[in-house]
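compute the structure for the input listed below.
(2 chains)
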Protein chains: 2
Amino acid sequence: MLAERPRANEVARPRELSGGAGRSVNIGLLGMGVVGTGLLRALEAKGMRLEPRMGCYVRVKSVLVRDLDKQRELQVAVGLLTTRPEDVLGDPDVDIVVEVMGGEHPALEYILAAIEAGKHVVTADKEVVARHGRQILARAHQFGVQVRFEASVAGGIPIVAPLLRDLAANEVTSIRGIVNGTTNYILTRMAQQGLELGEALAEAQSLGYAEADPAKDVEGTDAACKLSILCALALGAWVKDTEIHREGITGLERRDLEYARELGYAIKLMAAAKNVDGVVYSGVYPALVPEESAIARVDGVLNAVEVETDLAGPLLFTGQGAGPSPTASALMADIIDVTAGTRLSTKAEKKVLYDEPAKVSKVTDLEAEYYLRLAVADKPQRLTDVRRRLRDHGVETSFAMFRELPQTESRVEVVVVTRRVKLDLVQEALSSMEKAGTVLEIGNVLRVEET
Amino acid sequence: MLAERPRANEVARPRELSGGAGRSVNIGLLGMGVVGTGLLRALEAKGMRLEPRMGCYVRVKSVLVRDLDKQRELQVAVGLLTTRPEDVLGDPDVDIVVEVMGGEHPALEYILAAIEAGKHVVTADKEVVARHGRQILARAHQFGVQVRFEASVAGGIPIVAPLLRDLAANEVTSIRGIVNGTTNYILTRMAQQGLELGEALAEAQSLGYAEADPAKDVEGTDAACKLSILCALALGAWVKDTEIHREGITGLERRDLEYARELGYAIKLMAAAKNVDGVVYSGVYPALVPEESAIARVDGVLNAVEVETDLAGPLLFTGQGAGPSPTASALMADIIDVTAGTRLSTKAEKKVLYDEPAKVSKVTDLEAEYYLRLAVADKPQRLTDVRRRLRDHGVETSFAMFRELPQTESRVEVVVVTRRVKLDLVQEALSSMEKAGTVLEIGNVLRVEET
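Predicted coordinates for the structure are as follows:
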């Protein structure tokens, strides 16, 4: 990973944007999908009102699109659209490049080109920040420009700026949350309406909350990108999303949510990272969350991020994690800040360039309680037997119950909650019990989240 | 109220603080009570760690105290303490004056003197900001210095900066929350343990959550100061705390919380302001809050602020609203920001100096549902009778129940929930019903909060 100190002779002249009555700030927009269109709409609606607050006028100079002739919801002025990246990146009048194409490539190349041309960059692109944030920030530092990415995590909830600025005096010990609205909607519907995963997903798709190919959401990739960014900002650990321990929600059945409720828990797709003795453990995983906790009550498409700090204590930020307007709110905050000359990136850059990088590990290397749903033969002593076998393998249990299965008479389902233990021990125990025939099928293994 | 435009010839030379390796920023601290001591402790613990992040070292140059000889929890260097304000305000080496004395005077005079000496000001003092914020910001603008007050509202929860900066592109339509931890602790204990107000208050006092004289908390003055500041930042309406409609919690009985729970509500001391058709309605009042709402679940000493915005949608910020460490977190964020040269105040100053001030009114001028607890004679048709009489006075009801009172046989207690109506109509109805003998005693009249 690139983390060179800047060489003075390479530093381009950054743009001076602050102050100057009547001055306009020129935006070059990369991408005009849902997010880009939302930003253009918001700028159109707000332009005049924002001018006195900002001391300058925001003007969109050019918009990079794939196809000039595509029918668009929003009419834009002739001559604004272009299919040539150099019309935006090479235009000396463009002060801030706003990248809302999404994805890794060519977003990365465009962002680096903009930085090297001395332009500030605002992006909503979680993938490019999660995978190349370190390199991008180092390059920005080198060229004396700002790179801002409030919109890349948790949509309209201010979280990047609070972590870097408002909580700058704090050491963050843990950050976790619900950062994918699609899966949270699906889990909420499964819990509240008793839907199976497929039904809830179809509903989310019909409402526009989930895409036709829902893989990035339901497999946790989207959440992992966001966690990667939070992890870097809060805990100083740049872990690429692809290197984060990741379990999606695809293995969940309605019964898991029902059993969890009987036990006093909701099931949420958690994105979590914590610093334990200097090592940062992170993961994205569906977890049992105590029903009385604030995060268990974050329902529907809402997002929430919980931060544990040494001075300010625990903080919870809740709001809309996606959608064109919330994302536009975050993009505009970054544009306004860059225009005002605020150097938010300082702490992030310093972390990148000078901080000792934190050691990283997987959340599964920490002990936790686990919820186990197992199919076993329907015979006397089935609970006692499962618990004894688990104990033989070093896995203590604090709770066990069984439920009859509607379709079968020869087997029942046993739900067990373990005491704190490492996951590999649980897995060894279960695989050995499966071999021995004590367990006929492993239904699910889920972490129980600590409060 | 003073809101002159700056005259160029009056502008002092503001301090240039940003950048400069090895440079130190000198703090002059006004006050060394709980908050001041908390800040000194945090600076002591964090100094070395913050230096690389900030690019400079924070040094406490002097501390104004009342009594040099007082025994203090924290040992400070000889020569740091002074009883003469001019040692801090007149010291050319002091870059930032941090005011943590609290109260209105002489805090106001010291802050203005610091500004006029070209020093930046960071304050935790809600009273002085609520009552003189407009004047202070205008003066700061005139002298080209920054005034920051993140610590004055909701302790460790970042709310001032998010409103001014992260949500800068949004129009806020409503802001409300629980901003007094003492009363929230008391109400939580009354609800959860069935305590009467006096018992819960005594408990809060013994735990250090309430002062010996709890008037500012239980009468809502503290919350009104914080609401005044939120109202100015979020809605552009400077309403002094003394001009805000204010009801404390002193009239609440355990029974009110019990009845509320039966109806599906918690009771919380709300600080709320909203913009309806260009008029800002504000108030501090105990209200029935639907149990399933996020704010009803903010328990104990926690604070929460909910903001409704046009782009980002509804946002909720939850955390510790008081205490030396959370307050130090907020003070340090302001110190770091001022040091980094961030001009957060811009939007607030612009609002003060150039924005059309919003028209203001009381929250009781808006219609709401009301909860009424009334003592009536124990006779047949008592519910029907109360409802009919209320209707005769233009107050429709959606719910009514009665409960027997333990100490008396001749009267019962009737609980009614009205439909949306203005408070004065309710009050007229009740006072007329009292005169007519339909109502023997008015137990309580509480707003029902809308979700």
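
quick one: low-confidence residue ranges for the stretch 101-250 of chain A.
Within the stretch 101-250 of chain A, no stretch has pLDDT under 70.

in it, which spans are strands?
A:120-123, A:147-148, A:172-178, A:245-246 (DSSP state E, counting those that start in this stretch).

would CSV of those strands with distance to chain B be doable?
C-beta coordinates here come from the backbone N, C-alpha and C atoms, glycine included. Below are those laid out as CSV (distance: least, CB to the nearest CB, whole Å):
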stretch, distance to chain B
strand A:120-123, 12
strand A:147-148, 11
strand A:172-178, 11
strand A:245-246, 28
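
export those as a markdown table, with columns for mean neighbour count.
Shown next, in a markdown table, are the strands of the stretch 101-250 of chain A (neighbours: other CB atoms under 10 Å in any protein chain shown):
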| stretch | mean neighbour count |
| --- | --- |
| strand A:120-123 | 28 |
| strand A:147-148 | 27 |
| strand A:172-178 | 24 |
| strand A:245-246 | 20 |
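
who's in contact with A:Leu302?
Shown in contact with A:Leu302 (CB atoms under 8 Å, 6 or more residues apart in numbering or on different chains): A:178, A:181, A:184, A:318-321.

who does it form a beta bridge with?
Beta bridges link A:Leu302 to A:Gln320, judged by DSSP bridges.

which positions in the stretch 201-350 of chain A make contact with chain B?
Within reach of chain B by CB under 8 Å from any CB of the partner chain, the stretch 201-350 of chain A has these residues: A:294, A:297, A:309-320, A:323, A:325-326, A:328-330, A:332-333, A:336-337, A:340-343, A:346-347, A:350.

in strands, which of those residues appear?
A:309, A:314-320 (DSSP state E).

now list the buried members of these.
Listed as buried from those are A:309, A:314-320; burial here means 16 or more other CB atoms under 10 Å in any protein chain shown.

farthest-separated two in these?
Longest distance between any two of those is 23.7 Å, between A:Thr309 and A:Gln320; criterion CB to CB.

what does stretch A:207-216 rub up against?
A:181-182, A:185-186, A:201, A:204-205, A:217-218, A:221-222, A:301.

end-to-end on it?
17 Å (CA to CA, to the nearest Å).

for that stretch, buried residues please.
For stretch A:207-216, by 16+ other CB under 10 Å, it's A:209-210, A:214, A:216.

between those, which is closest to chain B?
For chain B, the nearest member of these is A:Tyr209. The distance, counting by CB to the nearest CB, is 14.5 Å.

which phi and psi does the closest one have?
Main-chain dihedrals, A:Tyr209, degrees, to the nearest 10: phi -80, psi -20.

could you check the distance from it over to B:Val386?
To B:Val386, A:Tyr209 is 47 Å away according to CB to CB, to the nearest Å.

alpha carbons only: can I get stretch A:65-77 in PDB?
Output of stretch A:65-77 as PDB, limited to C-alpha atoms (Å, rounded to 0.1, in the frame of the first residue of the first chain):
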ATOM      1  CA  VAL A  65     -22.200  10.300 -18.600                       C
ATOM      2  CA  ARG A  66     -21.900   7.100 -20.600                       C
ATOM      3  CA  ASP A  67     -24.500   7.900 -23.200                       C
ATOM      4  CA  LEU A  68     -25.400  11.400 -24.300                       C
ATOM      5  CA  ASP A  69     -28.700  10.400 -25.800                       C
ATOM      6  CA  LYS A  70     -30.100   8.500 -22.900                       C
ATOM      7  CA  GLN A  71     -33.600   9.600 -21.700                       C
ATOM      8  CA  ARG A  72     -33.100  11.200 -18.300                       C
ATOM      9  CA  GLU A  73     -35.600  12.100 -15.600                       C
ATOM     10  CA  LEU A  74     -33.800  15.400 -15.100                       C
ATOM     11  CA  GLN A  75     -33.300  17.800 -18.000                       C
ATOM     12  CA  VAL A  76     -29.800  19.400 -18.000                       C
ATOM     13  CA  ALA A  77     -28.500  22.200 -20.100                       C
END
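
contacts for it, please.
A:31-32, A:37, A:40-41, A:60, A:63, A:81-83.

tell me which two in these are the farthest apart.
Most distant of the contacts of stretch A:65-77, by CB to CB, are A:Arg41 and A:Thr83, 21.8 Å apart.

these two: who's more crowded?
A:Arg41 (16 against 10; other CB atoms under 10 Å in any protein chain shown).

residues contacting that one?
A:74, A:324, A:328.

the second one and A:Val34 touch, don't they?
Which is A:Pro324. Yes: between A:Pro324 and A:Val34 there is a contact under CB atoms under 8 Å: 5.4 Å.
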